[in-house]
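**Q** Okay, sequence plus prediction incoming.
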Amino acid sequence: MSRQLRVPDVKRINSELFTLTYGSLVAQLIKDFEDDEEVNKQLEKMGYNIGIRLIEEFLARTNTGKCQDLKETAEVISKVGFKMFLGITPTVTGWDAEGREFSLMFDENPLTEFVELPESHKQLRYSNILCGVLRGALQMIHMKVETEFVRDTLRGDDATEMRIRLLEILQDQAPPGED
Amino acid sequence: MVVFGVYVINKAGGLIYGQELGATPKLRANDRLTLASMFHSLYAITSNLSPQVQSSGIEVIETDTFKIQCKQTLTGTKFFVMSDPAHTGLDALLRRLYELYSDYVLKNPFYTPEMPIRCELFDINLARLMEQYESGRALTATF
């Protein structure tokens, strides 16, 4: 690829503090809502609210320009975005024929390092906050997407896979000069 | 090398932050709003008027007595600064401004996006940035 992907150094925190904080957040949500589906929804919503703010940090620090297509966007998400904020680089794969859908495969996931999902919470999408973050961030740069964890090793699947589907590019919301 | 003022405009064209710096006379709040919405509209118009397709809008306006330089982010927020016409290196200043905004405004959980910025930390760090900037030291990135 022509563009060089540069990942800026960011301040680091102890990853265990992060993992434990997220864990207690999820646990509290389960207590409050008592329903896995509802917790999934709340996590997604929280992620969304993070995403719409985080995108500015991302753009400000990386000085990223516009991506030409979804393929490039996917690369940037994985190699710069995830690398910068979580220190991981999920693999981009599973493109559909039109190039509007792809998967991110998580070989490692700092959120789930110490997690074992009990039998009673098999519907829980533990890392669902990430879906929201991506949806929020992409929405701010005028891409309407649908994101979903289709497989999760926590639930006994053989891999952790997030599916991202581009629904539309919100032309009318793009600012003048960027549309 | 004097920077007269710093302004931030949200996606919809509303002024969310505006401040005159140093010895620059303060604008009235209303004038500031007019300035911002005027600039926002002109930006959109120039972008459409340009014979080049996909041209950006105004980046710099230079006059004999002052200069305006603007940076629009991919999300549509605009930052612009007014300075004396001889000023160079406003690019770097605008980039740092964007970083401060993403740090001290957007990461403040009590700030609502698109609303006027009333964050003390942002003010403090902006003042610090300007000090560093005026004293002519190179702007070092925080990361």
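**A** On my side now, so go ahead.
**Q** From now on I want contacts and neighbour counts done on CA atoms only, so please keep to that.
**A** Fine.
**Q** Now do the contacts for B:Pro113.
**A** Residues near B:Pro113 by C-alpha atoms under 8 Å, 6 or more residues apart in numbering or on different chains: A:53, B:106.
**Q** Let me know the secondary structure of it.
**A** Following DSSP: H, G, I helix; E, B strand; the rest coil, B:Pro113 is assigned to coil.
**Q** Quick check: phi and psi on it?
**A** phi -50, psi 150 (degrees, to the nearest 10).
**Q** any idea how far it lies from A:Gln42?
**A** B:Pro113 sits 20 Å away from A:Gln42, going by C-alpha to C-alpha, to the nearest Å.
**Q** What of A:Asp32?
**A** 11 Å.
**Q** So between the two, which is more surrounded?
**A** Between A:Asp32 and A:Gln42, counted using other C-alpha atoms under 10 Å in any protein chain shown, A:Gln42 has the larger neighbour count: 18 against 11.
**Q** Could you confirm B:Gln19 falls within a strand?
**A** Yes. Under three-state DSSP, B:Gln19 sits within a strand.
**Q** tell me the contacts of it?
**A** Here B:Gln19 is in contact with B:5-7, B:26 (criterion: C-alpha under 8 Å, 6+ apart).
**Q** ok, the residue nearest the centre of chain A - contacts?
**A** By C-alpha atoms, centre = their mean, chain A has its centre lying nearest to A:Leu130, at 3.5 Å. For A:Leu130, the contact set (C-alpha under 8 Å, 6+ apart) comprises A:44, A:47.
**Q** swap in the one 3 residues further on?
**A** By C-alpha under 8 Å, 6+ apart, A:Val133 lies in contact with A:44, A:46-52.
**Q** same check, this time on A:Glu161
**A** By C-alpha under 8 Å, 6+ apart, the contact list for A:Glu161 reads A:103-106, A:149-152.
**Q** and residue 69, how many neighbours does it have?
**A** By default, I'm working from chain A. The number of residues packed around A:Asp69, counting by other C-alpha under 10 Å, is 10.
**Q** That was the other one, I meant chain B.
**A** So B:Gln69, with other C-alpha under 10 Å, has 17 neighbours.
**Q** mind checking the backbone torsions on it?
**A** Dihedral pair for B:Gln69: phi -120, psi 140, per degrees, to the nearest 10.
**Q** Cheers, nothing more for now.
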